[in-house]
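> Provided below are the primary sequence and the corresponding predicted coordinates.
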Amino acid sequence: MADSNPVSAWQRFLAAPNDSRFKTLLVAFLVSAICAVVVTGATVVLRPIQQANRAAEQQLRLETMLNGIPGMSELLADSEDAEISTVVVDLDTGRASQDITPETLQAALDDPANWTTLTPEQDMANIGVRPNYQQIYIVRDGDDIELVILPVFGAGAQGEISAMLAIDGDMETFAGITIIDHVETPGLGARITEPGWQANFNGTRFANDAGEIEFAVARGPATSDFEVDGITGATRTGNSMTRIVRFWLGPMGYGPLLDAIRRGEF
Amino acid sequence: MAAGNLWHTLTEPLVDKNPITLQILGICSALAVTTSLDTALTMAISLTVVLVLSALVVSLIRKHIPGTIRLIVQIVIVASLVIVIDQFLQAFFFDISRRLSVFVSLITTNCLVLGRTESFSRNNPPFPSMVDALGNGLGYSLILCIIGSLRELFGNGSILGFQILRTVDQGGWYVPMNLMLLAPSAFFLLGGLVWAIRSIRTDQAEAPEYAPPETAERAG
């Protein structure tokens, strides 16, 4: 029987007129299937290398940001008591996590039980779910906290923005910001990566005397202590940054942690 | 004879039928990635690789592509190759891939690639198709490298990161032309290049589409 022989079936398929419905469908299917395999293969094989690249870049951004904060590189170089430590914090309690270390953080976050679903009112940064644990960096000089560096992320105008906020030891002023990843429009929203704009954060207060978060990206030049300059043509990106910062410094983000540090309990 | 033909296929797109300056194809990416020579080179190599491989694949299955879905089949092949190249760049040339951002993925929609597969590879055997694709890729690369090196040299005073003209900031004499780093300068350079080529190769100049109206003689 010719039908049972795959070779002759293949030959009949090739010999079929190109415009027959059967051949059209089969060619479309085969091309898509082969392309899917090639694309998936390339992605899976190359992913570990790409992740290593991203991690290295994140480290580099962190160091660049620290060097950009006035006095920080001198402090780290000169003072023997100054050091950067990496801490995993439990966002709900605002304390260092007892049983999760930076090494086991990734495994912990693979467990959906360690994520909190946000209600629409809480979810200012538009992220849907929030991890219960975050890895932060603390710069201490002896017992004093000089700086905390908090990773944040949330929805931008085009896609996710992730960044790191450096906060001064007084827990109410920014020391700096660095953008880790974004897909904003080049030339407009993507200007959040420019050092000139990021320098705006240095010295900007985010909380008023009552402890309420007042930070905002202005429309146009900043008009108060709590604002940074807006970027022309990037109003939506600016609004996103406002919401991301407000969310992460608020009660569902690092709020409990900042309170604990202010009380000197950390 | 055949070798002569192939040589002709390879060299013709360099100047005589250059995809950018004669056909004005693929200029979107040509303008966007030419602020420095290394991004221009990476983009040129990526596009050439995609072009040659897609020519090979399309040409191999050319007798079995149903006419009704031929464009979709070609686009799927091109898009898959582009994703693979993009992933490859992200893994091994991370910094450059960051600066190229979306433009590598946009090779998919580059009319140059689809133009070659549709007009040449679909009707020719694999080897000549690859030669034709390589020629067009090199023609594209040539223009990108010319514009990229001009923009980097005059915008930054450097070529491939090596400082040629010491800028004022570095204590030298050269004041960088910031315009060169902005998109319009690429238009000016490309326009100048097209003009220069068409002045020398007058056969490339297009006939004017309409004649300006005769100015009426003014009395007195």
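Done, it's in.
> from here on, just use CA atoms for contacts and neighbour counts.
Noted.
> helix or strand next in line after the longest helix seen in chain B, which one?
Within chain B, and with DSSP state H defining each element, the longest helix by residue count is helix B:126-156. Remark: after helix B:126-156, the chain's next helix or strand is strand B:158-159, criterion DSSP states H and E.
> partners of that following strand in the sheet?
Sheet pairing here is set by DSSP bridges, and for strand B:158-159 it gives strand B:162-163 (antiparallel).
> any stretches of the stretch 1-150 of chain A with poor pLDDT?
Under the criterion pLDDT under 70, the flagged ranges of the stretch 1-150 of chain A are A:1-4.
> how about the residues of the stretch 1-150 of chain A that lie near chain B?
A:14, A:18-19, A:23-24, A:27-28, A:31-32, A:35-36, A:38-39, A:42-43, A:46-47, A:49-50, A:53 (CA under 8 Å from any CA of the partner chain).
> from A:V228, how far off is A:N202?
With distances taken as CA to CA, to the nearest Å, A:N202 is found 9 Å from A:V228.
> tell me what whichever strand in chain A runs longest is packed against?
Ranked by residue count under DSSP state E, the longest strand found in chain A is strand A:144-155. Using 3 or more CA pairs under 8 Å, 6 or more residues apart in numbering or on different chains; DSSP states H and E as the contact criterion, the secondary-structure elements in contact with strand A:144-155 are strand A:133-141, strand A:160-168, helix A:235-249.
> what's the mean pLDDT across the longest one?
Predicted confidence along helix A:235-249 averages 92 (mean pLDDT).
> do stretch B:26-42 as well
Averaging pLDDT residue by residue across stretch B:26-42 gives 84.
> go on, stretch B:169-184?
Taken as a whole, stretch B:169-184 has an average pLDDT of 81.
> got the contact list for it?
Contacts to stretch B:169-184, defined as CA atoms under 8 Å, 6 or more residues apart in numbering or on different chains, come from residues B:31-32, B:35, B:151-152, B:154-157, B:165-168, B:185-186.
> cutoff 7 Å now
Outside of stretch B:169-184, the residues within contact range by CA atoms under 7 Å, 6 or more residues apart in numbering or on different chains are B:31-32, B:35, B:151, B:154-157, B:165-168, B:185.
> for A:F206, what are its contacts?
Under the criterion of CA under 7 Å, 6+ apart, the contact partners of A:F206 comprise A:172-173, A:213-215, A:226.
> just name the closest of those residues to B:I83, please.
Set against B:I83, the nearest of the contacts of A:F206 by CA to CA is A:F215 (39.8 Å).
> contacting residues around that closest one?
The neighbourhood of A:F215, defined by CA under 7 Å, 6+ apart, consists of A:206-207, A:226-227, A:242, A:246.
> in those, find the pair that's most separated.
The most distant members of these, if one measures by CA to CA, are A:A207 and A:T242, lying 13.0 Å apart.
> in which helix or strand does residue 88 reside?
All of this refers to chain A. Per DSSP H and E: strand A:82-90 holds A:V88.
> hm, I was asking about chain B
With DSSP H and E as the criterion, B:F88 is inside helix B:70-92.
> which other helices and strands does that helix contact?
For helix B:70-92, the helices and strands in contact under the criterion 3 or more CA pairs under 7 Å, 6 or more residues apart in numbering or on different chains; DSSP states H and E are helix A:21-68, helix B:37-60.
> of those, which is nearest A:T232?
A:T232 sits nearest to helix A:21-68 of all the helices and strands packed on helix B:70-92, at 24.0 Å, using CA to CA.
> next, the angle from the closest one to strand A:144-155.
Put simply, helix A:21-68 runs at 160 degrees to strand A:144-155, going by axes from the mean of the first three to the mean of the last three CA atoms, to 10 degrees.
> would you point out which residue is most central in the chain?
Unless you meant another one, I'm taking chain A. Residue closest to the average C-alpha location in chain A (CA atoms, centre = their mean): A:S162, at 2.4 Å.
> try again with chain B
The structure's chain B has its C-alpha centroid closest to B:Y140; by CA atoms, centre = their mean the separation is 3.2 Å.
> tally of neighbours for B:G4?
Neighbour count of B:G4, defined by other CA atoms under 10 Å in any protein chain shown: 9.
> then it would be within a strand, right?
No. In this structure, B:G4 is helix, not part of a strand, as judged by DSSP: H, G, I helix; E, B strand; the rest coil.
> that one and B:S46: what is the separation?
27 Å.
> residue numbers of chain B in contact with chain A?
Neighbours of chain A within chain B, by CA under 7 Å from any CA of the partner chain: B:64-67, B:73, B:77, B:80, B:83-84, B:87, B:90-91, B:94.
> buried only: go through these for me.
B:64-66, B:73, B:77, B:80, B:83-84, B:87, B:90-91, B:94 (16 or more other CA atoms under 10 Å in any protein chain shown).
> show me the domain layout of chain A.
Domain assignment for chain A by automatic domain parsing gives A:6-45, A:69-262.
> out of those, nearest to A:L62?
domain A:69-262 (7.5 Å).
> the inter-axis angle of the helix holding B:F88 versus helix B:37-60?
Going by the same axes, to 10 degrees, helix B:70-92 makes 140 degrees with helix B:37-60.
> neighbouring contacts of the next helix-or-strand element following helix B:70-92?
With elements assigned by DSSP H and E, the helix or strand that comes after helix B:70-92 is helix B:94-100. The set of residues external to helix B:94-100 that reach it, using CA under 7 Å, 6+ apart, is A:53, B:33, B:39, B:89-90.
> so which bits of helix B:94-100 are buried?
Of the residues in helix B:94-100, those buried under the neighbour-count criterion (16+ other CA under 10 Å) are B:94, B:96-97, B:100.
> which of the residues you listed sits closest to chain A?
For the buried residues of helix B:94-100, the closest approach to chain A (CA to the nearest CA) belongs to B:F94, at 6.8 Å.
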